[in-house]
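1. Just to be clear, the model below is a prediction. Sequence and coordinates:
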Amino acid sequence: IIAWPDTSWKKFVVQYFLVKNKFSVYPRISLTTNFGDAGSHMKVKEKFLQIPLLLEKDQFKFKKLVDSNAVYDVYCELMPDRLKKLAPFLKNYDFAVDLYGMKTLERISNEAILTSKKCDSPIYSFGKEMKPLEANVIENIVGNELCLSNIKNCYDSKFFVKLHKCYQKDELNYHYSLRKWHYINKEFGVVPSLKDKKDSNVGGKKLTLENISNTLKRIVVSIFDNK
């Protein structure tokens with residue numbers, strides 16, 4: 001969010017929420033959508049931001065914030081106190097929630113972290129079968145893809161490595177129900193082979209760490225070109 005251009009009004013709204021410890025309320029069925037018109041933030045018109053709308057009138061019932069379990073931080077992570085209500089076996093731990101693995105460890109003051117980052121000697125470990133991610137913790141799904149660990153035993157990644165994770169086939173397949181061999185982003189060359197899923201050559205280019213790094217740099221440059 002810090003890197004967003006000043007043309008983004010939401011950048012300043014989020015900063016206000018953080019400073020004032022405020023929350024915004026979102027309906028589970030949308031009352032608005034986005035036409036992705038070309039302008040300050042979109043080079044060309046896009047349709048991927050369109051979502052289904054609630055077309056019939058409905059009666060809304062709001063809970064008090066203190067009674068709601070669906071309370072998330074700025075990283076879209078469930079707040080630890082809400083997760084403890086849903087997973088009582090965690091109630092005695094002081095932990096940050098980092099299931100998407102995007103938080104910076106040095107900025108976290110908690111003793112432990114619930115994360116998808118690589119960690120040594122985890123206190124608990126969980127699989128990654130259910131949606132959303134926290135459901136795997138609540139239901140204690142067996143596996144090693146998520147863990148609760150002392151923060152000193154975890155490894156952080158550089159920004160570009162975290163960004164690249166968003167484009168990995170397994171991540172896209174989990175969050176968006178895409179088949180692993182679907183195209184990811186043809187414009188930037190990050191495209192898995194349809195002929196052979198094990199093939200590391202795409203469009204005549206081998207998917208090396210250097211090529212991936214150059215691809216991510218082009219993506220970031222493209223984003224900031226919109227400023």
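-> All right, it came through fine.
2. Lowest-scoring secondary structure element of the chain by mean pLDDT?
-> When each helix and strand of the chain is scored by mean pLDDT, DSSP states H and E, strand 201-202 comes last, with a mean of 46.
3. Run through who's touching the strand or helix carrying L18.
-> L18 belongs to helix 9-20 when assigned by DSSP states H and E. Residues outside helix 9-20 that contact it (Cβ atoms under 8 Å, 6 or more residues apart in numbering) are 1, 4-5, 22-24, 74. Glycine gets a C-beta too; all of them are placed from N, C-alpha and C.
4. same question, stretch 115-128
-> With Cβ under 8 Å, 6+ apart as the test, stretch 115-128 has contacts from 89, 93, 97-101, 103, 105, 112-113, 133, 136-137, 140-150, 153-157, 174.
5. Could I have the buried ones of those residues as ChimeraX selection syntax?
-> Entered in ChimeraX, the line below selects the buried ones among those, by 16 or more other Cβ atoms under 10 Å:
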select :93,97,98,99,100,101,103,105,112,113,133,136,137,141,145,146,147,148,149,150,154,156,157
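6. what residues are up against the residue most central in space within the chain?
-> In the chain, the centroid-proximal residue (Cα atoms, centre = their mean) is Y100; its distance is 4.9 Å. Contacts for Y100 (Cβ under 8 Å, 6+ apart) come out as 75-77, 116, 133.
7. need the residues you listed in JSON lines with pLDDT, secondary structure and distance to K57, can you?
-> Shown next, in JSON lines, are the contacts of Y100 (pLDDT from 0 to 100; DSSP: H, G, I helix; E, B strand; the rest coil; distance: Cβ to Cβ, whole Å):
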{"residue": "Y75", "pLDDT": "92", "secondary structure": "coil", "distance to K57": "34"}
{"residue": "C76", "pLDDT": "93", "secondary structure": "coil", "distance to K57": "29"}
{"residue": "E77", "pLDDT": "97", "secondary structure": "coil", "distance to K57": "33"}
{"residue": "S116", "pLDDT": "95", "secondary structure": "coil", "distance to K57": "40"}
{"residue": "L133", "pLDDT": "96", "secondary structure": "helix", "distance to K57": "33"}
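8. out of those, who has the most neighbours?
-> L133 (22 neighbours; other Cβ atoms under 10 Å).
9. Now do the same for W181: its pLDDT.
-> Note for W181: predicted pLDDT of 51.
10. I am finished for the moment; much appreciated.
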